[in-house]
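# Next come a sequence and a model predicted from it.
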Amino acid sequence: MSKHFSKLGVSSQLQKSLADLEITTPTEIQVKSIPVLLESNKDFVGLAKTGTGKTAAFGLPLIQLIDTDNDSIQAVIVVPTRELGQQIYANLVSFCKYVPQVSIASVCGGTPIKPQIERLTEKTHIVIATPGRLIDLLKRNAISIKNAKYLVLDEADEMVTSLKEGLDVIVAALPKEKRTILFTATMPGTIKQLVQNYLSKHVVHVSVNMEVVGNTAIDHQYVVVEPIEKLEVLMHFLNSKEGQSGIIFCKTKAAVNKLAKNLAIHKFPSGALHGSLTQPIRDRIMGQFREGHIKILVATDLAARGLDVKEISYVVNYHLPDVYETYVHRSGRTARAGASGFSLTVLQKEEEKDIPEFEKELGLTFTKFKKADAASIEENNSLLWAKKIFKTKPNHTIPSAFREKIHTVFHHLTKEELIDKLLAHHLGQTKNIGSNSTEDNKITL
């Protein structure tokens with residue numbers, strides 16, 4: 001058992017669960033949060049980055065504070081995405097290994113509501129929900145949170161929009177005498193307003209060291225490109241990482257779709273992930289990624305929240321994030337479970353001046369990635385061309401007489417001669433394309 005967690009007031013049963021999970025030393029946010037949440041009744045605001053152990057920081061105290069003689073829902077945890085909800089649910093269940101009398105349910109959007117309604121007819125102490133699904137259940141009278149003592153808003157900065165209209169509905173269904181616990185990675189004006197509107201005047205604020213947030217196990221690099229060469233430079237990098245799993249981040253859903261389409265055209269085993277996809281599609285893509293059937297995930301920031309895939313070798317910022325904290329969330333997807341990681345940011349010339357600010361704000365050091373030269377790009381493009389041909393499925397609908405005529409043209413060539421001629425033709429074609437106007441041949445980014 002961990003004496004460290006014992007000093008924070010964590011029960012022996014929970015300490016035993018943590019020991020089984022090989023969690024022995026509490027993180028900074030856990031040290032600062034757990035005693036306060038266990039001993040105080042005041043509303044709470046925790047400011048901490050993703051990956052700092054926030055789930056245990058609020059989850060362990062919640063589990064310990066549950067009255068198991070009371071079968072009603074006592075704690076409501078609201079999260080921005082189903083993926084994060086699933087991750088928190090799995091963590092809390094693992095924490096409860098030696099306190100099985102605490103019952104936990106996940107009722108997040110994107111999955112059929114009927115089984116969730118049936119689940120809520122059973123004893124439930126803690127419920128984890130996305131805002132939309134929770135409101136839907138409340139409107140159907142399928143859930144009662146009138147006796148809940150705790151409302152937890154996790155990753156609050158990522159669900160400001162969905163909370164804006166729905167928080168009134170959620171709060172109205174809760175008792176007036178409740179405790180609100182809010183965790184956020186950033187503190188924009190919208191979150192400050194939310195705290196002012198929904199939390200009491202006497203709020204306990206806790207934050208971890210926000211200055212040095214970069215993972216030292218990650219190699220942070222950047223490459224400067226012209227817009228027209230951006231995709232080619234990316235594909236050259238991806239070829240160098242063949243067989244390894246990585247995530248490419250884009251700012252918008254449209255950019256994710258465009259990039260994923262381009263990668264598919266060039267036969268990269270990739271999948272797109274953003275909020276507009278249906279949950280079954282998102283689950284299928286994540287399943288393929290976790291099982292290694294696809295090696296590259298192209299995603300928006302929100303869609304990647306809650307992803308917990310350990311063997312991610314690299315992260316690519318295809319677009320420079322608008323805020324420093326977003327960079328931390330992105331790069332933090334790699335270098336999990338003690339492994340080393342690599343984060344590459346693709347910049348245009350005018351964006352290079354922003355790198356010193358990112359270094360200063362995040363306490364990181366970026367090095368310049370050596371961009372592939374024209375010859376290497378051409379060689380890589382030819383390799384991609386060859387792979388496309390290799391992966392092309394034969395067209396069995398072609399009339400046999402016509403196929404035989406084509407075979408007759410090539411039948412006297414050896415395999416090596418045919419490849420040499422195909423390659424020479426391909427290189428000749430690409431040079432002809434390069435000699436045409438660049439305006440007519442821009443690569444879609």
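Yes, it's here.
# Show me where the stretch 201-350 of the chain dips below the pLDDT cut-off.
Using pLDDT under 70 as the threshold, the predicted model of the stretch 201-350 of the chain has low-confidence ranges 209-216, 303-308, 310, 335-339.
# mind listing the strands for it?
203-207, 218-225, 246-249, 270-273, 296-299, 314-317, 341-348 (DSSP state E, counting those that start in this stretch).
# So what's the gap between the third one and the chain middle?
So the one you mean is strand 246-249. Centre-to-centre, strand 246-249 and its host chain are 9 Å apart (C-alpha atoms, centre = their mean, to the nearest Å).
# Extract the CA atoms of that strand and return them as PDB.
As requested, the backbone C-alpha atoms of strand 246-249 are provided in PDB (Å, rounded to 0.1, in the frame of the first residue of the first chain):
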ATOM      1  CA  GLY A 246       0.700   8.200 -35.000                       C
ATOM      2  CA  ILE A 247      -2.000  11.000 -34.700                       C
ATOM      3  CA  ILE A 248      -2.200  14.000 -37.100                       C
ATOM      4  CA  PHE A 249      -4.100  17.000 -35.600                       C
END
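# Kindly reformat the strands of the stretch 201-350 of the chain as CSV containing distance to residue 64.
Quick note: C-beta positions are derived from backbone N, CA and C, even for glycine. Shown next, in CSV, are the strands of the stretch 201-350 of the chain (distance: least, C-beta to C-beta, whole Å):
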stretch, distance to residue 64
strand 203-207, 18
strand 218-225, 34
strand 246-249, 35
strand 270-273, 35
strand 296-299, 35
strand 314-317, 36
strand 341-348, 34
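# Quick one, which of those strands gets closest to residue 397.
Residue 397 sits nearest to strand 270-273 of all the strands of the stretch 201-350 of the chain, at 28.5 Å, using C-beta to C-beta.
# Name the nearest residue to residue 247, sequence neighbours excluded.
Leaving aside its chain neighbours, residue 247 sits nearest to residue 297 (4.7 Å; criterion: C-beta to C-beta, 6 or more residues apart in numbering).
# can you list the strands of the stretch 201-350 of the chain in JSON lines and add mean neighbour count?
Formatted as JSON lines, the strands of the stretch 201-350 of the chain follow (neighbours: other C-beta atoms under 10 Å):
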{"stretch": "strand 203-207", "mean neighbour count": "15"}
{"stretch": "strand 218-225", "mean neighbour count": "19"}
{"stretch": "strand 246-249", "mean neighbour count": "26"}
{"stretch": "strand 270-273", "mean neighbour count": "24"}
{"stretch": "strand 296-299", "mean neighbour count": "26"}
{"stretch": "strand 314-317", "mean neighbour count": "24"}
{"stretch": "strand 341-348", "mean neighbour count": "21"}
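# so which of these gets nearest residue 393?
For these, distance to residue 393 was read as C-beta to C-beta. The smallest value, 18.9 Å, belongs to strand 270-273.
# doesn't residue 77 make contact with residue 170?
No. Distance between residue 170 and residue 77: 11.7 Å, which falls outside the contact criterion (C-beta atoms under 8 Å).
# With neighbour numbers in mind, choose between these two.
Between residue 170 and residue 77, residue 77 has the larger neighbour count (other C-beta atoms under 10 Å), namely 27 against 20.
# helix or strand right after the helix or strand the more buried one falls within?
Following DSSP states H and E, the helix or strand that holds residue 77 is strand 75-78. Moving toward the C-terminus from strand 75-78, the next helix or strand (DSSP H and E) is helix 82-95.
# next one: that following helix to chain centre, how far?
15 Å.
# so what does it touch, helix or strand wise?
In terms of contacts (3 or more C-beta pairs under 8 Å, 6 or more residues apart in numbering; DSSP states H and E), helix 82-95 is packed against helix 12-20, helix 54-65, strand 104-107, strand 126-129, helix 279-290.
# try 7 Å this time
The contact analysis (3 or more C-beta pairs under 7 Å, 6 or more residues apart in numbering; DSSP states H and E) places helix 82-95 against helix 12-20, helix 54-65, strand 104-107, strand 126-129.
# Dump that helix to PDB, keeping only the CA atoms.
As requested, the backbone C-alpha atoms of helix 82-95 are provided in PDB (Å, rounded to 0.1, in the frame of the first residue of the first chain):
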ATOM      1  CA  ARG A  82     -18.000   9.800 -24.900                       C
ATOM      2  CA  GLU A  83     -14.400   8.700 -25.200                       C
ATOM      3  CA  LEU A  84     -13.400  10.600 -22.100                       C
ATOM      4  CA  GLY A  85     -16.500   9.300 -20.300                       C
ATOM      5  CA  GLN A  86     -15.500   5.700 -21.100                       C
ATOM      6  CA  GLN A  87     -12.000   6.400 -19.900                       C
ATOM      7  CA  ILE A  88     -13.200   7.900 -16.600                       C
ATOM      8  CA  TYR A  89     -15.700   5.100 -16.100                       C
ATOM      9  CA  ALA A  90     -13.000   2.400 -16.600                       C
ATOM     10  CA  ASN A  91     -10.700   4.200 -14.100                       C
ATOM     11  CA  LEU A  92     -13.300   4.600 -11.500                       C
ATOM     12  CA  VAL A  93     -14.300   0.900 -11.800                       C
ATOM     13  CA  SER A  94     -10.700  -0.100 -11.400                       C
ATOM     14  CA  PHE A  95     -10.400   2.100  -8.300                       C
END
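# Quick one: mean pLDDT for that helix?
Taken as a whole, helix 82-95 has an average pLDDT of 91.
# buried sites along it?
Burial within helix 82-95, assessed by neighbour count using 16 or more other C-beta atoms under 10 Å, is assigned to 82-89, 91-92, 95.
# Could you give the backbone dihedrals for residue 332?
For residue 332, the backbone dihedrals (degrees, to the nearest 10) come out as phi -70, psi -10.
# That one: neighbour count?
Residue neighbour count, defined by other C-beta under 10 Å, stands at 22 for residue 332.
# Please apply the same query to residue 148.
For residue 148, the neighbour count with other C-beta under 10 Å is 20.
# tell me which element it is part of?
Secondary-structure assignment from DSSP H and E places residue 148 in no helical or strand segment.
# Test my guess that it contacts residue 75.
Yes. If you go by C-beta atoms under 7 Å, residue 148 and residue 75 touch, sitting 6.3 Å apart.
# list the contacts for the closest residue to residue 188 other than its chain neighbours?
Counting by C-beta to C-beta, 6+ apart, residue 188 lies nearest to residue 157, which is 6.4 Å off, once chain neighbours are set aside. Applying C-beta atoms under 7 Å, 6 or more residues apart in numbering, one finds that residue 157 lies in contact with 184-186, 188, 191.
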